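Student: My questions are about this predicted structure, shown below with the sequence.
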Amino acid sequence: MLQAVNLDVHYGGIAAVRGISFAVEKGELVCLIGANGAGKTSTLKAIARMIPSSGEIHYRDMRLDNLPSHDLIRHGLALVPEGRGIFARLTVAENLTMGAYHRNDKAEIELDLQRIFEMLPRLKERAAQVAGTLSGGEQQMLAIGRALMGRPQLLLLDEPSMGLAPLMVEKVFEVIRSVAAQGVTIFLVEQNARLALQTCSRGYVMESGEITLADTAANLLADPRVRAAYLGE
Amino acid sequence: MSGEVLLEARNIGKRFGGVQALKDVSLTIRAREIYGLIGPNGAGKTTFFNVMTGLYPRDGGEVLFGGVPLELGTPYLVAQAGIARTFQNIRLFGNMTAIENVMVGRHVRTHVGVFGAILRTPGQRAEEAAIRRRADELLHYVGISHRANDLARNLSYGDQRRLEIARALATEPQLLALDEPAAGMNATETVALRKLIEGLRADGLTVLLIEHDVKLVMGLCDRVAVLDYGEKIAEDVPGVVQKDPKVIEAYLGAGGD
Amino acid sequence: MSTKKWFGLALVVLALLALPLVLTSVGTAWVRITNLAILFVFLALGLNIVVGMAGLLDLGYIAFFAVGAYVYALLASPHFGLHLPFWIILPLGALFAGMAGAILGAPTLRLRGDYLAIVTLGFGEIVRIFMNNLSQPFNITNGPKGITLIDGLNVAGMNFTATHTLFGIPFTGPAKYYYVLLILLTLVIVVNLRLQKSRIGRAWVAIREDELAAKAAGINTRNMKLLAFAMGASFGGTAGGMFAAMQGFVSPESFILHESILVLAMVVLGGMGNVWGVLAGAMLLSFVPEFLRYTVEPVQQMLFGKLLVDPEVLRMLIFGGALVLTMRFRPAGLWPESRHKLEMNEEK
Amino acid sequence: MEIFAQQIINGLTAGSVYALVALGYTMVYGIIQLINFAHGEVVMIGGMVALTVITTLVGMGLPLPPIVLVLAGIIAAIPICMAIGYLLERAAYRPLRHAPRLAPLITAIGMSIVLQQVALLIWGRDPKAFPQIMENQSFAIGGASITSVQIAIILMSVVIMAALTWFVYRTRFGIAIRATAEDVRVAALMGVDANRTIAATFVIGAGLAAVAGVMYGTYYGITHYTMGFMLGLKAFSAAVLGGIGNLAGAMLGGILLGLVEALGAGYIGEFTDLCRWPLVDGLLVERCANGGNVVLFGSNYQDVFAFMVLILVLVFRPSGLLGERVSERA
Amino acid sequence: GKKEEAPKPQAAAPTALAALTVKIGHVGPLTGGIAHLGKDNENGARLAIEEANAAGIKIGGAAVKFELVAEDDQADPKIGNTVAQKLVDAKVAGVVGHLNSGTTIPASAIYNQAGLPMISGSATNPALTGQGFKTVFRVVGRDDQQGPAVANYLIATAKPKTAAVIDDATAYGEGLANEVEKALKAAGVTVLPREKGTDKTVDWKAILTKVKGKKPDVVFYGGMDATGGPLLKQARELKLGAVFSFGDGACTDKMAELAGAAAEGLVCSQAGIPVQASGKKFLDGYKAKFNIEPILYSPFTYDAAKLLIAAMQKADSADPAKYLPALVASDYNGASGNIQFDDKGDRKDAEMTIFSMKAGKVTPLAIIKGGKSLTLDEYGAMNAPAPVVALAVPAAPAAAPAQK
Ligand SMILES: Nc1ncnc2c1ncn2[C@@H]1O[C@H](COP(=O)(O)OP(=O)(O)OP(=O)(O)O)[C@@H](O)[C@H]1O
Ligand SMILES: Nc1ncnc2c1ncn2[C@@H]1O[C@H](COP(=O)(O)OP(=O)(O)OP(=O)(O)O)[C@@H](O)[C@H]1O
Ligand SMILES: [Mg+2]
Ligand SMILES: [Mg+2]
C-alpha cells in the first residue's frame, strides 16, 4: 500500500531523514518509534508532501513524490499532524466538514458525520463550539475525526497521544483500533512506545534519521535494545 | 519532608465566556517540593499557570509567593519575583538561536541599560560575557549544547522542550513551573527528564509540574493536586491520590498504573 | 583590530572627510544632494531600531521627523521672533520627538503587528494635518505656508550658510553641514550596532518573535517597546532639526505619508535589522532617483528622439518596480541580517 | 434636524463604499496576513475602466437606458479588476509566501505605485469627469434628500455584503477559505489547494473593488489616477476598526467611518467654536464680535477624526470592534 | 534637468570683446502633475532669450549670447533647493522662477545668499517678497491682490449678507481664501467659519451640507479645479443655491467638464490679464516657436526674462551686483502690460481678471487694474499693443476663453 525507498529529507544542510526504506501493507497497523529528533515527523511530512524530499514514495500504484499535498486526500491518504492542526477558529462541525472537503456525496458525508459523532460523542456535544477552546484531548479527537471524514484508505498519525490524560489516551487508542478494524491502513508515529507496540502488528525503530530495527511488534517489545532505549527499563 | 510555604494560591477563579476554567482553587507549595498538578484535558491546569504567572487576569483570589502577594497581570514582575515557566505548546523565540533564547532569560537578572550598551562600558562587557557563560552552562545542563547556534524553530520537539526549560532556568527562579514537559518524549527520554527535575530540586529549586504521564508524576512528586472541571478534587501524596475513587473516575481510569 | 584593518578604516575616514571638497569642485549642488542622502540614511537607521530590531511596524515615522523640524523651525526663525541656539533646540527637538514617540507608543502597546501599522500611519497623518492646520484660529505653525528664514547652524560664531576658508580650503555651507551629518551618522551607526548585540537588543528581538513568551521570560515588554519607540523617534527628531536648519524652510508637504513609506522601504529593501544593509538600502533609494534625473530624459531622447514617458512617471515606475523585484529575488533585503538568512533557507 | 438626517445619509453612502473596499482588505488580510496596499489601486482601475466603457458607449450614440450603461461599466470593470487581482497574487505575492513578513508589504506598496503610474499612462493625469448618465432623482425624507444614486449604492452594498457573508460562512469553499486562513498546510491535507483559495480571495476582493470603483465614480462624478490610495487607506482603517479578518467587522467599520467623517466634519467645528463657550468668550471678545468665530477643530480635521476614532477604539478594544475577543491562548 | 557645461569662470564679467555668454536660469516643475505649466513657463523665458539673441544685444561692447539653463524642481521644496544651488554653481546671471510659491520661497534664500536676482512669473504667495530679500522680484499679482479683486466683484454683483469660504488647506488655497475672507469681512459681510478639504478631497457633501444649513449667499473656494469640480457639482446636488466663485486654480474650462451643468454661472478670477490679452508679439512668437498655445503664466516668465536682459543692458553689465539697481528701477512695457516694482519687489498695480463660466467656457468679464474694473475692450484700448483681435484665438487648454 505504502512503500518508501531511500527516502531522504534535508533541512538546509541538516539531514533529518537519511535514505530510509519501509513498507506498509494494506490493512496493516504499523508504527514508527524513535527518540526526539529522530526524524519521524519529517518522514510523515515527506509522505504527505508537506516538505520536499528525495527518494521514492510509492502509494498503491502511484508515485507520490511529485504530487502536491492537496491531491493526496483524493487518493485516500490522510495525515493527522503533530500538534493536531485543528482549525482553531472554525467550529467543531466546520472542522469536520473540512475533512470531507474533497468529497461531493452530500448524503454520504452526512452519514459519516453521524457515524463519527457516534464514535466520538464528545464532539457531538461540542459541535457548535469554536475548536480552539476545546481541551487537548478533545482536539485530538477532532483531528482524528476530521481525518476520518475524508474516508481515507491510509491514515498517518503523528503522536496522537501527546498531551492527553491517561483516560483520553486509552480512548484515542480505542478509536485507532476500531478504525483499523474497519479496514483502514494505519501508519502510526508514537512516543508512547509501549502502547504503540501493543496496538500495532509491526513496527520500525528510527534513530538519527535511519531505520535501525524493523520487526513484529511483539519481537520489538521483547528486544532489549528497545526496552532500554524506549521503554525506560 | 520540606520547609516553609513558598507559594500559596487562594481561591483562584477564572472564567472564559461560558466556561468556568477555575473555581476557587487553593493550593500551597512548600519550598523544595516537587508538586504535581494533574487532571483531565481541559480541567484548568494550564489556566492556573497562566493566572499564576500573570499572563491572564484573574477573576478572583490571590497568589502569595514567599508570603508576598504577587502582582498579577504583570508577568515580568512575577518572573522577577522568582517564578519561571514553560509552555504546553512550546513558545520559543523561533528565529533566535538556542543560546540567544537562553540569554533572553537572563534579562530579568541583569541590569545594563541603553546607555551602558551604547557606551559599551566595562561593566556592560563583563555582564554580557557572564550572560553568555551562564547560557552556555544551562544548554549543557539540559543537554543540547551541540545545538547552541541553531535557530530554535529548527530544533526537534523534544529539544525545544529542553530549550524552554533552559530559558526558564536562566531567570534564576525559585519556583519552576513546567507544563507537560514530557509530552512528546518516549519513556527513556522521560527518565532522563525525571533525573533533570530531581537534579533541579537537589539544587534547591521548587518544581510545579503539570503532566499526563502518570508514572512520572506519581514517581516524582511529593504531593499531587487533581483538578477536574476547574475544581480541586484531591490533594495529597501520590499514593493516596492514586487510590482516590474520584480521581480514578475523572482521570486515571480503570487501567491507571 | 589588525594594523591592516586600522589602515583600511583610516582610509575610509579620510575619503569621507575629503568627499565634500571633491564634490564642491563638481558643484555644490552635489554636496546638498549628498547631505540629503545622509539625512535619509540617518532616518532609516533610526527607524531600523523600531522596525528592524523591535519589530514594531511603524508607518508614520516621518511624523517624528516633522516634530523635530518644527521644534527647530519655531524656535529659530522670525515666526515667533525666537532665535535660540541650535545646541539647545536640536536636543529639544529630539526630546519632543521622543516624547511624541512615547505618547504614540503608550496607547498602542497592546496592539500587535498590523494594527500597529495602521495606527502609526494614522498618527503620522494626524501630525501632518495638525501642522497643516494649526494656523487657525491661532497661528502656531503658519499652516501650509510653512516657516521660512529658519536660522542655520552656528558653531563658534561660524555661520553655516556662508563659505569659510580654512587652511586655504573653502568650506561652503553645505560642506559644513556634511561634516555635522557625518558625525551624527557615525553616532547612529554605533548605537545600532551596539544595541543589537546587547541585552536590550535581544529583548527587542524576543518581543518581535513572541511577545507573550517574552513577558513570561521576565521582559518588561511595555517599557522595552516604549524605549524602542522613543529612541527611534528621537533619532527622527534629530534628523528633522537638521533638515530645518539645512533647508531654512519647513512646510507640512515635506512630511507626507510617502516619505514614511520611503524610509520604511529603505529599511526593508536594504535588509531589516542589519545596519549595513539598511545603510546600503537608504543610499540606494536616495541616489537612484538622482541618477534617474540625469538619465531618464537623455536616454529617451537618444532612443526615440523625443520624450515618450514623463520622466517622473518613469522614475516612479522604476521605483515601484525595483521594490517589487528586489523583494521577489531577495525577500529578506539586499543585505539581510543573518537571522533572516537562516529563516529563509528553511522549507522550499 | 434635517441637516443631521442629511449628514447621516451622506455618511451611510460614503460608508457603503468604504465597506466594500474594506471587505477586500479584510479577506486578503485574513487569509495571508497581508495589507494589500495595491487594493485601492484596483478600485481606481475599476472606476477608470467603467468610465472608459460608459464614455465609449455614450459616444457611439446608442439609445441605451442609463441603467444599462452603468451595468455595462460594472460588467466590464469586474473581470478586468479580477484579472488584475489574480495577477497581483500570482506574480507579486505568491512567490513571497514564505518570505519574511514585511517583504510582501513592501511588494504591495511597490505594486500600488506601479499600478498608479500605469493608470496615469493610460488615462492621463487630469481628473476625469464620470459621465452623469443616471437620472439623479432626489427623494425627500424628513427634510433631507436622498438621491437615486445614493439609494442604489446603499442597497447594492447591502446585497453584496449579505451574499459575501453567506458565501464565506455557509458554503464549502467559504469554509475552505477560512481554514486556509488558519493553516495553509493542514488545509492542504484536507485537499484544499491553497493557491487556488488564496487567488480566489484576491479575485473576489478585486471584484468588490471594481463595484466600489464604479460606485465611487458615479457618486462623486470624478475619477483620478490617485483616487485609490487615500480611499484604500481609509478602507483599511475601516477594516481594522471593525477587527481585521472579520467580514462583519469590515462592514461595520466602513459604515462607521463614513458616519464619523460626515458627522465630524458637520458638527465638531460648532462644538469647538470658542465663541460659543461663555467662559472663553470674554477673552476673545474682539474676534468673536459680529458673528466672528474661533473654531478650534473644523472640517480641516476631517481626516483626523477618522484616525482618532480608530486609535481610540483600538486602545479600548485592541482587536477592533468585532475582532476576536479571546485573548491569545498561552 | 539638462547638464550644463563646466562653468565658465567670470562669465558674468565683460572683459573680452569676443562673444560673451550670459546664462539665465529657469526653474519650474518639468515632471509630475503640473509639468505642463512648468514647461509653459520655461517656454516663455526661452522665447524671450531667443528674441534677445536675435536682436544682437551688446553689453560692455561685446556681443552677448544668452543661454537658458532650465532646471526641474518637481514642485518639491527639497529639490527646489538643490537645483537652486545648481544654478548658483553654474554661475547664472539671473533666475526666472520658480513656479510654485512652496519651492520659490526656500530657494529665494539661496539666490539671495549668492546675490542672484530672481523673478518669479507665477508664485503668488505674499510671503515670497515678505522675506526682505533685495534680490527677489515677481511680475505676477499676489494672492492679496487677487483675493480682494474677486471679493469686491462678488460684493458689487451679488450683494451678499452671508458668505462661506472654503479652501483646500494648501498654501495657495488657504492664502487666497484668507484674502477673500478679509475683504468680505471688511465690507461687512458675515463670513461663516472656514471649511477645509484637502487637495485630494472629492467628498464635499458633509461640508456642503453644513454650509447649506447656514444659507450663505455666496461661496468662495480657494483650490484647484480637480477638487473644485466635484465641490460645485455636489453643492448643486444638495440644492445649495448660492453664487459660487473660485480663484485662478479653478478658473479653467476643465470646471465645465468636471462639474457639468452645475458649473454654469461660476464666477472666478485669475491673477494678471487673460492670456489672449497679452502682447501680440508674444502670442505670435510663442505659437510660431512652440507650435502650441501659451497656457497660463508664460507671458509673465517671458516678461521676467526680458526684464533681466533689459536691466543688464541698461547697466551695461551682466554682473548681478551691477545690474540689480537697474532691475529695481524697471519701467517696462511687456506682454503682460506695464511693469514697475514696488519696494518689496512686487509688481505695482498688478492686473486681475474676473471670469464667468458661460456655455462651458470661462469667459472674461472684467479686468481689474488699479482698483478699477475694465471690460476687455477698455483694457485693449488702454494698452494699444495688445489688440483685442487676439481674443479670436481658439481656446487654450487651461484658461483661454473663446469669443462668443
Ligand atoms: N524546519 C526545520 N528546519 C531545520 N531542521 C529541522 C526542521 N524541522 C525538523 N528539523 C530537524 O530535523 C530532525 C528531525 O526532526 P523531526 O521533527 O522529524 O523529529 P521527530 O522524530 O519527529 O522528533 P520528536 O519526537 O521530537 O517530534 C531534528 O534534528 C530537527 O531538529
Ligand atoms: N484563552 C482562552 N479562551 C477561552 N477558553 C479558554 C482559554 N484558555 C483556556 N480555555 C478553556 O478553559 C478550560 C481549561 O483549559 P486549560 O488549558 O487550562 O486545560 P488543561 O487542564 O491545561 O488541559 P490539557 O491537559 O488538555 O492541557 C478549557 O475548557 C479551555 O477550553
Ligand atoms: Mg515529531
Ligand atoms: Mg494544559
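Tutor: Structure's in. What do you need? It should be emphasised that the depicted structure is a prediction, and the values quoted were computed from it without experimental measurement. Ligands and ions are numbered 1, 2, ... in the order given.

Student: From here on, just use CA atoms for contacts and neighbour counts.
Tutor: Fine.

Student: Burial check on residue 220, number of neighbours?
Tutor: Assuming you mean chain A. 21 (other C-alpha atoms under 10 Å in any protein chain shown).

Student: The chain in question should be chain E.
Tutor: Burial measure for residue E:220: 25 neighbouring residues, criterion other C-alpha under 10 Å.

Student: Can you name the residues bridging to it?
Tutor: When bridges are called by DSSP bridges, residue E:220 pairs up with residue E:165, residue E:245.

Student: could you check the distance from it over to residue E:242?
Tutor: 10 Å (C-alpha to C-alpha, to the nearest Å).

Student: and what of residue E:317?
Tutor: For residue E:317, the distance to residue E:242 equals 56 Å [C-alpha to C-alpha].

Student: for residue C:335, same thing?
Tutor: In this structure, residue C:335 lies at 61 Å from residue E:242, with C-alpha to C-alpha as the measure.

Student: what does chain A put close to chain D?
Tutor: Chain A comes close to chain D at residues A:48, A:50, A:69-74, A:78-79, A:81, A:85-90, A:94, A:97-102, A:147, A:150, as judged by C-alpha under 8 Å from any C-alpha of the partner chain.

Student: Can you select the buried ones from the residues you listed in PyMOL?
Tutor: The PyMOL command for the buried members of the residues of chain A next to chain D (criterion: 16 or more other C-alpha atoms under 10 Å in any protein chain shown) is given here:
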select buried, chain A and resi 48+50+69+70+71+72+73+74+78+79+81+85+86+87+88+89+90+94+97+98+99+100+101+102+147+150
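
Student: From the residues of chain A next to chain D, which land in helices?
Tutor: A:94, A:97-99, A:147 (DSSP state H).

Student: can I get these in CSV with pLDDT and distance to residue A:132?
Tutor: Written out in CSV, the entries for these read as follows (pLDDT from 0 to 100; distance: C-alpha to C-alpha, whole Å):
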residue, pLDDT, distance to residue A:132
A:94, 93, 12
A:97, 92, 16
A:98, 93, 15
A:99, 93, 17
A:147, 94, 17
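
Student: for the residue of the stretch 1-150 of chain B found nearest chain E, helix, strand, or coil?
Tutor: Nearest residue of the stretch 1-150 of chain B to chain E: residue B:118, at 32.7 Å (C-alpha to the nearest C-alpha). Three states are possible here, and by DSSP: H, G, I helix; E, B strand; the rest coil the one that applies to residue B:118 is helix.

Student: That one and residue B:173, how far apart?
Tutor: Using C-alpha to C-alpha, residue B:118 is found at 29 Å from residue B:173.

Student: Can you name the next helix or strand after the helix ranked longest in chain A?
Tutor: Under DSSP H, the helix in chain A containing the largest number of residues is helix A:166-181. Once helix A:166-181 ends, the next helix or strand along the chain (criterion: DSSP states H and E) is strand A:185-189.

Student: Just give me how far the helix or strand just after that next one sits from the chain centre.
Tutor: With elements assigned by DSSP H and E, the helix or strand that comes after strand A:185-189 is helix A:193-199. Chain-centre distance of helix A:193-199: 14 Å, with C-alpha atoms, centre = their mean, to the nearest Å.

Student: ok, the next helix or strand after helix A:193-199: who's next to it in the sheet?
Tutor: For helix A:193-199, the succeeding helix or strand toward the C-terminus, using DSSP H and E, is strand A:202-207. Strands flanking strand A:202-207 in the sheet, each with its direction: strand A:29-34 (parallel), strand A:210-216 (antiparallel) (DSSP bridges).

Student: Distance check, the residue of chain C positioned farthest from its centre against residue C:298.
Tutor: The outermost residue of chain C, judged by C-alpha distance from the chain's mean C-alpha position using C-alpha atoms, centre = their mean, is residue C:305 at 38.6 Å. Computed as C-alpha to C-alpha, the residue C:305 to residue C:298 distance reads 9 Å.

Student: how about JSON lines for the ones in helices among the residues of chain A next to chain D, with distance to residue E:339 added?
Tutor: Putting those into JSON lines (distance: C-alpha to C-alpha, whole Å) gives the following:
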{"residue": "A:94", "distance to residue E:339": "81"}
{"residue": "A:97", "distance to residue E:339": "83"}
{"residue": "A:98", "distance to residue E:339": "81"}
{"residue": "A:99", "distance to residue E:339": "85"}
{"residue": "A:147", "distance to residue E:339": "88"}
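
Student: For the residue in the stretch 151-300 of chain C positioned nearest to chain B, which three-state class applies?
Tutor: Here the stretch 151-300 of chain C gets closest to chain B at one residue, residue C:218, 4.0 Å apart by C-alpha to the nearest C-alpha. Here residue C:218 takes the coil state, with states given by three-state DSSP.

Student: show me what contacts the nearest residue to it once chain neighbours are set aside?
Tutor: What sits nearest to residue C:218 in space, not counting adjacent residues and going by C-alpha to C-alpha, 6 or more residues apart in numbering or on different chains, is residue B:76, at 4.0 Å. Applying C-alpha atoms under 8 Å, 6 or more residues apart in numbering or on different chains to residue B:76 gives the contacts B:108, C:215-220.

Student: Most neighbours out of those, which is it?
Tutor: Most surrounded of the contacts of residue B:76: other C-alpha under 10 Å gives residue C:217, at 33 neighbours.
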